[in-house]
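Q: Pasting a predicted model and its sequence here:
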Number of protein chains: 2
Amino acid sequence: MGATKTTHFTDRQNKIATTMKALAHPARIAIMEYLLKVDTCICGDIVNELPLAQPTVSQHLKELKNADLIKGDIEGNSICYCINEKTLEMLQKYFVGISVRLGKKKNNCC
Amino acid sequence: MGATKTTHFTDRQNKIATTMKALAHPARIAIMEYLLKVDTCICGDIVNELPLAQPTVSQHLKELKNADLIKGDIEGNSICYCINEKTLEMLQKYFVGISVRLGKKKNNCC
DNA sequence: AATCTTTATCGTAATATTGCAATATTAAAA
DNA sequence: TTTTAATATTGCAATATTACGATAAAGATT
């Protein structure tokens, strides 16, 4: 026990849950919002922006990258991180879809 | 160490992260999608639908409720759970907002 | 080549999450 | 009022996450 029982759910459900998990931390939300705000996106800038040590930020960036939420481009010595628009579009569609379906529901019992 | 450093982030960032965390599990995604699909929403039905024991489902429902993602209405002996439309509307707006801002960006470096 | 800069990885301690058996709670039914 | 049914809570073991110091890796600078 302790580990998530992913095998019993659909691939789609696991994918959404994984993406949500990558966003389930204020530091990672802050990173996404910072990348949305700035035009350049050097890793060092993100480390300076956040109240966390460099290895911690690096770990958060790795999780966002694993979830396809950001992309990393090597630029000589440093690395340029940016938002992966495709994944955010997917999320947007998911939530818009839910809202549309909620709007069509006849009776929401509670 | 080990605990999330919430104090250094904005209330808004913490709120979004908390809501994401509540959705960061395939069982809880499955519950939300089930509630979206059906018109009645008795707790027992959800327990039958999921491949998890009753106490585990009850715990997941509690987390969704704490995050204001669902509402629970006592109906005699049983409890009727439904999606909280306001929170899902908030999420939808958040991701639509991000997509709009992404569309306006001139140069996405990567 | 030696050094500096930037980012990643390792190791580890603290804390949180997941899952369930056992049990408690509460309301309906008999 | 005893029993049954539905849901919540407790307690605990297994696993995952968070954070960071120390260190590694790799390109830039001197």
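A: All right, it came through fine.
Q: buried ones in the helix or strand bottoming out on mean pLDDT in chain A?
A: Ranked by mean pLDDT, DSSP states H and E, the helix or strand of chain A with the weakest confidence is strand A:70-75, at a mean of 91. Neighbour-count burial for strand A:70-75, counted by 16 or more other CB atoms under 10 Å in any protein chain shown, picks out A:70-72. Placement of C-beta: from N, CA and C, glycine included.
Q: okay, these in a markdown table with distance to DNA strand D next?
A: Converted to a markdown table, the buried residues of strand A:70-75 look like this (distance: CB to the nearest atom of the strand, whole Å):
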| residue | distance to DNA strand D |
| --- | --- |
| A:70 | 15 |
| A:71 | 18 |
| A:72 | 14 |
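Q: ok, and which of these reach chain B?
A: A:71-72 (CB under 8 Å from any CB of the partner chain).
Q: ok, of the buried residues of strand A:70-75, which one's closest to residue B:82?
A: Distance to residue B:82, by CB to CB, is smallest for residue A:70 among the buried residues of strand A:70-75, at 34.6 Å.
Q: Tell me the helices and strands packed up against the least confident helix or strand of chain A.
A: On a contact count with 3 or more CB pairs under 8 Å, 6 or more residues apart in numbering or on different chains; DSSP states H and E, strand A:70-75 meets helix A:26-37, helix A:54-66, strand A:78-83.
Q: Could you say which of those is packed most deeply?
A: Greatest average neighbour count among those goes to helix A:26-37 (a mean of 21), per mean count of other CB atoms under 10 Å in any protein chain shown.
Q: Contacts for that one next, please.
A: If you take CB atoms under 8 Å, 6 or more residues apart in numbering or on different chains as the criterion, helix A:26-37 is touched by A:22-23, A:41, A:45-46, A:49-50, A:52, A:56-57, A:60-61, A:63-64, A:69-70, A:81-83, B:4-6, B:8-10, B:13-14, B:16-17, B:20, B:98, B:101-102, B:105.
Q: so what pLDDT did the nearest residue to residue A:9 once chain neighbours are set aside get?
A: Once flanking residues are discounted, residue A:9 sits nearest to residue B:26: 3.8 Å by CB to CB, 6 or more residues apart in numbering or on different chains. Residue B:26 carries a pLDDT value of 98.
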